[in-house]
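Engineer: Let's see this in three dimensions:
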Amino acid sequence: MKSMTCLLIIRLAEGSLRNLVRACVAVACLGLPLAAIPAISATDDPDAAAIVRKADEVRFPSEAFEASVTIETTNGAATEETRKYRILSKGNDDTIVMVTEPASERGQILLMKGHDLWLFLPNVSQPVRLSLSQRLTGQVANGDLARVNFAGDYDARLVRTEVIDGETMYVLELLARERSVTYHKVLYWVRKTNDWPYKAEFYSLSDRLLKTATYDDFKPVAGRLRPTRLRMQDALRKDEQSILEYTEIKPRDLPDRIFTKDYLKRIQ
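Structural biologist: Residues are numbered from 1 along each chain as shown. Next up is the predicted model:
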């Protein structure tokens, strides 16, 4: 019985070896390098989407909430400008961003419905259509405040794991499902131990690195530890960065009617 089992194992091994040799011969005949043979690895982990979803849940509450955000943009050691916003968000598709400072722009409101974004200006009857990728201030795009739904907007693939400062990180590649989202591609580092987001690199449609963001200053917010500071650094001009400080993040009952153009027109 043992000899029959050993013979079976040997034949299976020989079959696998023959298949490998045939693949190598086929690749050689096509004039391609051996690296062209697709590798079976853990990088196609089906749990990649779950990792991104859990990291989204760490960044912001899943229920409706409001928050205050201060954005300070610096160039080297000098502070260029400081701006403040109030955010009302419900689910993944409804967000209102209101300018509170500077005073000269107070009353300006951004409304996001799905991937549609409008700017409401005081004393202007019709809202202006904007894109999520358009710059809001400094290194911050409209979508960085209005829409932060990585799990809903991107297809995720686990590329590798990486150790940084003694911590194991998942490194994920996020590819946009449609062109209307803020970034074409995101490389995303997430801590393996607790699903905390660590870092993200944002890429353009031409696959050019635009900026890098780091998540830190985790504090107890709305029932769990969440990052309250986001540092966004320009990829080419390393001394130019914007720091987003989130405060007063708290759950709030927000009726659907406020996330409409008609409602916001009335409060202008």
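Engineer: Report the mean confidence score over stretch 73-89.
Structural biologist: Model confidence over stretch 73-89 averages 89 on the pLDDT scale.
Engineer: what comes up buried for it?
Structural biologist: 73-74, 83-85, 87-89 (16 or more other CB atoms under 10 Å). For the C-beta atoms, the positions are set from N, CA and C on the backbone; glycine is no exception.
Engineer: for stretch 198-218, same thing?
Structural biologist: Burial within stretch 198-218, assessed by neighbour count using 16+ other CB under 10 Å, is assigned to 198-203, 210-215, 218.
Engineer: now stretch 95-102
Structural biologist: 95-100.
Engineer: Not counting its neighbours along the chain, what's nearest residue 132?
Structural biologist: residue 143 (3.3 Å; CB to CB, 6 or more residues apart in numbering).
Engineer: Could you chop the protein up by domain?
Structural biologist: For the chain, the structural domains run 2-38, 44-267, going by automatic domain parsing.
Engineer: And the last one, how far out from the chain middle?
Structural biologist: Pointing back at domain 44-267 there. Distance of domain 44-267 from its chain centroid, counting by CA atoms, centre = their mean, to the nearest Å, is 7 Å.
Engineer: Give me the pLDDT for residue 132.
Structural biologist: 94.
Engineer: Look up which residues are beta-bridged to the closest residue to residue 216 other than its chain neighbours.
Structural biologist: Once its chain neighbours are removed from consideration, residue 216 has its nearest residue in residue 229; the separation is 5.3 Å (CB to CB, 6+ apart). Going by DSSP bridges, residue 229 is paired in beta bridges with residue 216, residue 245.
Engineer: 239 is where my numbering starts, stick with that
Structural biologist: Yep, numbering from 239; the last one is residue 467 now.
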